[in-house]
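Novice: Quick one, structure for this:
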Amino acid sequence: MALGALGIVYGDIGTSPLYALREAVKAAAAGGELRPDAVMGAVSLVLWALVLIVAAKYAVLIMRADNGGEGGVMAMLALLGARHAPPRSWRAVLLVVGLVGAALLYGDGAITPAVSVLSAVEGLKLDLPGIAPFVVPITVVILIGLFSVQRKGTGMIGRFFGPVMLVWFAAIAAIGVLGILRTPAILGALNPYHAVHYLLTEHVSVAFAMLGAAFLAVTGGEAMYADMGHFGRLPIRLAWFAIVLPALVLNYLGQGGLLLADPAAIDNPFFQLAPGWAHVPLVLFATLATVIASQAIISGAFSLTEQAIKLGLFPRMRIVHTSAHEAGQIYVPIVNWLLAFATLGAVLAFGSSDALAGAYGIAVSLLMVITTVLAGLIALRWGFNPILVLACNGAFLIVDLTFFSANTLKLFEGGWFPLLLAAAVAFLMLTWRRGTQLMEAARADIRMPEDEFLARVEAKHLPRIPGTGAFLTSAEDGMPLPLMNFVRHLGVLHERVLLVTIQSLDVPHASETEQVEVVPVAPDVTRVLLRFGFMDTVHVPRALRRAVEDGRLTGVNCDRLSYFISHETVVASEKKPGMAGWREEIFALMQRNAEETASYLCVPARQVMEVGAEMEV
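Specialist: Presented below is the predicted three-dimensional model:
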């Protein structure tokens with residue numbers, strides 16, 4: 001499991017040596033001479049950022065805030081119960097903050113493949129200066145290929161991610177040792193005094209620029225928490241402390257040693273660490289490593305989208321399961337191509353990894369601030385000593401805010417790009433959540449109580465037709481709209497009626513006992529509550545079949561069951577209080593383009609009948 005974590009969890013942070021220290025020392029040099037104290041300060045700052053932010057904060061502290069073993073911003077929101085927060089409450093504010101954090105991951109997902117692959121390909125310029133005009137086209141071709149293969153699934157390739165990254169970490173550690181042997185004095189950078197002294201004695205603008213650049217070394221550290229559910233806490237920590245951290249420390253020290261001996265290597269210290277004969281093979285290896293890192297980011301965006309859909313924060317989207325054995329192997333076409341569009345746009349617009357470095361880091365630093373705040377609130381909710389929580393999380397929050405403040409200097413250098421993407425995604429999430437709340441309120445006004453409906457059916461002596469009808473709803477009480485419309489239009493009712501309520505829980509996986517609950521309503525009417533965790537596949541027929549097989553639901557033939565689903569058309573109305581008219585129009589557009597309900601619930605098309613309804617919001 002630790003080997004697998006190397007490829008999925010540590011691909012991003014493992015390729016940061018390609019550009020992180022280079023940007024930090026360039027910020028320190030600021031167009032002038034690169035002084036030895038600047039090199040020592042930059043290396044020391046990078047190393048202690050890894051220790052404080054990734055090792056201490058994420059590996060030791062944040063990974064304790066798990067939701068049934070799952071991590072990430074969505075798991076935190078579920079733990080805090082923010083998803084069901086009433087408007088204008090403190091938990092509603094938390095929801096907005098958390099959604100911004102989740103949206104920042106999409107901004108990070110667009111920038112990471114661009115800056116990583118571009119940094120690797122730029123290594124070719126060392127031995128082939130004439131290839132410079134072709135660096136961007138080569139990068140674009142690699143990225144197009146990467147996004148194109150997503151639909152085929154990555155299960156087979158994924159098995160090689162871990163071993164490849166293990167060799168990568170061994171390689172960067174080995175070339176790092178060469179740099180240390182060249183200038184052993186660089187080992188003094190292990191002392192945090194060099195980082196603190198340089199930041200306090202250098203001009204504020206230079207110090208902040210170096211802080212913002214050094215932060216690039218820890219981008220990707222948030223994946224430890226986000227991917228915790230895939231590998232577990234122990235394997236992720238084991239891989240970090242036994243392999244990743246030592247390799248990164250050796251490589252950054254090696255780059256620093258090279259720069260102390262040869263300040264002219266500032267343009268690309270990573271590749272110049274290696275012997276001349278190894279440059280081209282190392283470029284090819286680095287490109288493979290950055291593709292693996294990009295793949296992990298893209299897969300993470302797919303998983304985040306699936307969780308957001310199940311938590312009611314995104315409209316239903318087409319989700320393709322690319323593996324019959326691994327539930328987490330999914331492909332979301334619209335997310336894939338929107339990310340591809342944003343990533344390729346970033347490569348073409350910025351043109352170099354130096355320029356992209358200005359766009360990179362600000363989104364991740366803000367996400368880390370949000371994560372620290374949410375983790376503190378979770379600790380308080382779990383009953384930890386408030387003074388201890390304030391001291392511990394407060395100290396990390398100061399570090400996070402320092403790095404975020406430094407990264408805000410990049411806002412006009414490109415930092416606006418991931419923030420703009422994140423703002424757009426967060427706006428769509430909040431619009432969808434608010435719109436669905438208004439829709440549910442409109443349904444509640446129309447929905448008839450069960451006793452009243454059954455009394456009317458009895459009074460009218462409605463004809464009963466053979467078979468069982470399953471009417472799908474999200475409410476635990478009242479009659480589903482498709483059932484009411486079916487009876488109103490056709491004037492008949494099935495001999496057996498199932499009111500199938502589908503709910504999403506704030507836990508990763510629903511247990512078998514809580515997933516299905518059967519509640520008798522009348523002799524021929526039964527309510528079946530189906531509950532799914534935000535990591536579960538919503539498969540209604542399979543859940544019903546399980547209830548029939550274990551005897552909780554009797555007299556139902558699942559193969560001949562007829563499913564009735566409401567096909568709702570949203571109409572923006574100025575008469576009802578809700579959202580602004582233009583925002584209601586956006587919600588209506590999202591609703592019209594959402595994945596078909598039957599397909600999302602895995603209901604066979606031949607067993608489905610849709611009953612139309614018009615809803616005003």
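Novice: Show me where the stretch 301-450 of the chain has its strands.
Specialist: 320-321, 330-331 (DSSP state E, counting those that start in this stretch).
Novice: among those strands, which is the most enclosed?
Specialist: Counting by mean count of other C-beta atoms under 10 Å, strand 330-331 has the highest mean neighbour count of these, with a mean of 20. Bear in mind the C-beta positions are built from the backbone N, C-alpha and C, glycine included.
Novice: Check which element follows the helix or strand that contains Gln255 along the chain.
Specialist: Using DSSP states H and E, Gln255 sits within helix 245-261. Where DSSP H and E defines the elements, the next helix or strand beyond helix 245-261 is helix 269-272.
Novice: name the helices or strands packed onto that next one?
Specialist: helix 20-29, helix 245-261, helix 279-310 (3 or more C-beta pairs under 8 Å, 6 or more residues apart in numbering; DSSP states H and E).
Novice: One more pass at 10 Å, please.
Specialist: Packing contacts for helix 269-272, counted by 3 or more C-beta pairs under 10 Å, 6 or more residues apart in numbering; DSSP states H and E, involve helix 20-29, helix 90-121, helix 155-182, helix 245-261, helix 279-310.
Novice: and that helix, average pLDDT?
Specialist: Taken as a whole, helix 269-272 has an average pLDDT of 91.
Novice: sorry, back to before: now the helices and strands packed on helix 269-272 in a markdown table, with distance to His567?
Specialist: Compiled in a markdown table, the helices and strands packed on helix 269-272 are given as follows (distance: least, C-beta to C-beta, whole Å):
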| stretch | distance to His567 |
| --- | --- |
| helix 20-29 | 51 |
| helix 90-121 | 28 |
| helix 155-182 | 35 |
| helix 245-261 | 53 |
| helix 279-310 | 19 |
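Novice: closest one to Met74 among the ones you listed?
Specialist: Checking these against Met74 by C-beta to C-beta gives helix 279-310 as the closest, at 4.5 Å.
Novice: where are the low-confidence patches of the stretch 51-200 of the chain?
Specialist: For the stretch 51-200 of the chain, the stretches with pLDDT under 70 are 82-89, 91, 153-159.
Novice: re the thing from before, which parts of the helix holding Gln255 are buried?
Specialist: Buried residues in helix 245-261, defined by neighbour count with 16 or more other C-beta atoms under 10 Å: 245, 247-260.
Novice: Same check on stretch 409-425?
Specialist: Residues 409-410, 413-415, 417-419, 421-422, 425 are the ones in stretch 409-425 that count as buried (16+ other C-beta under 10 Å).
Novice: Start and end of that stretch, how far apart?
Specialist: One end of stretch 409-425 sits 23 Å from the other (C-alpha to C-alpha, to the nearest Å).
Novice: do stretch 353-370 as well
Specialist: End to end - C-alpha to C-alpha - stretch 353-370 spans 27 Å.
Novice: tell me the mean pLDDT for it?
Specialist: Mean predicted confidence for stretch 353-370 is 83.
Novice: Ala213 touches Ala406, doesn't it?
Specialist: Yes - counting by C-beta atoms under 10 Å, Ala213 does reach Ala406; the two are 8.4 Å apart.
Novice: list residues touching both of the two?
Specialist: Shared contacts of Ala213 and Ala406, defined by C-beta atoms under 10 Å, 6 or more residues apart in numbering, comprise 27, 361.
Novice: ok, those two, which is more surrounded?
Specialist: Higher neighbour count among Ala213 and Ala406: Ala213, with 30 against 23, using other C-beta atoms under 10 Å.
Novice: And the pLDDT for that one?
Specialist: pLDDT, Ala213: 87.
Novice: Please apply the same query to the one 3 residues further on.
Specialist: Reading off the confidence values, Leu216 has pLDDT 88.
Novice: ok, now which ones touch it?
Specialist: Contacts of Leu216 (C-beta under 10 Å, 6+ apart): 13, 16-24, 46, 49, 115, 357, 360-361, 364, 407.
Novice: what's the closest non-adjacent residue to it?
Specialist: Among residues not flanking Leu216 along the chain, Ala20 sits closest, at 4.1 Å (C-beta to C-beta, 6 or more residues apart in numbering).
Novice: out of the strands of the stretch 301-450 of the chain, which comes closest to Glu458?
Specialist: Here strand 320-321 is closest among the strands of the stretch 301-450 of the chain (C-beta to C-beta), at 44.4 Å.
Novice: mind giving me the domain split of the chain?
Specialist: 2-434, 447-616 (automatic domain parsing).
Novice: Could you give the separation of the shortest one from the chain centroid?
Specialist: In this view, domain 447-616 has its centroid 30 Å away from the chain centroid, taken as C-alpha atoms, centre = their mean, to the nearest Å.
Novice: just stretch 599-617 next, same as before
Specialist: Worked out by C-alpha atoms, centre = their mean, stretch 599-617 lies 29 Å from the chain centre.
Novice: Then stretch 391-402?
Specialist: Stretch 391-402 sits 23 Å away from the centroid of its parent chain (C-alpha atoms, centre = their mean).
Novice: and it, which residues are buried?
Specialist: So stretch 391-402, judged by 16+ other C-beta under 10 Å, has buried residues 392-393, 396-397, 399-400.
Novice: list the contacts for the closest residue to Ala28 other than its chain neighbours?
Specialist: For Ala28, ignoring the flanking residues on the chain, the nearest one in space by C-beta to C-beta, 6+ apart is Ala38 at 3.7 Å. By C-beta under 10 Å, 6+ apart, the contact set of Ala38 is 24-25, 27-30, 32, 194, 198, 202, 206, 210, 259, 263.
Novice: could you flag which of those are buried?
Specialist: So, by 16+ other C-beta under 10 Å, the buried ones in these are 24-25, 27-29, 194, 198, 202, 206, 210, 259, 263.
Novice: ok, so of those residues, who is nearest Met317?
Specialist: Taking these together and measuring to Met317 by C-beta to C-beta, the closest member is Ala24, at 39.2 Å.
Novice: from what I can see the closest one touches Leu34, true?
Specialist: No - using C-beta under 10 Å, Ala24 is not in contact with Leu34; the gap is 11.1 Å.
Novice: joint contacts of the two?
Specialist: Ala42.
Novice: Could I get the pLDDT score of the most centrally placed residue in the chain?
Specialist: Centroid check for the chain by C-alpha atoms, centre = their mean gives Leu304 as the closest residue, at 4.0 Å. Each residue has a pLDDT score; the one for Leu304 is 83.
Novice: which residues touch it?
Specialist: 72-74, 102-103, 105-106, 109, 226, 314, 332, 335.
Novice: how far away is the closest residue to Phe314 other than its chain neighbours from Val320?
Specialist: Sequence neighbours aside, Ala308 is the residue nearest to Phe314 in space, at 4.3 Å (criterion: C-beta to C-beta, 6+ apart). Noted for Ala308: a distance of 17 Å to Val320, by C-beta to C-beta, to the nearest Å.
Novice: do you know how far His567 is from Gly612?
Specialist: On the measure of C-beta to C-beta, His567 and Gly612 end up 5 Å apart.
Novice: and if you look at Ala27?
Specialist: Per C-beta to C-beta, Ala27 is found 60 Å from Gly612.
Novice: cool, and Pro137?
Specialist: Relative to Gly612, and taking C-beta to C-beta, Pro137 is found at 50 Å.
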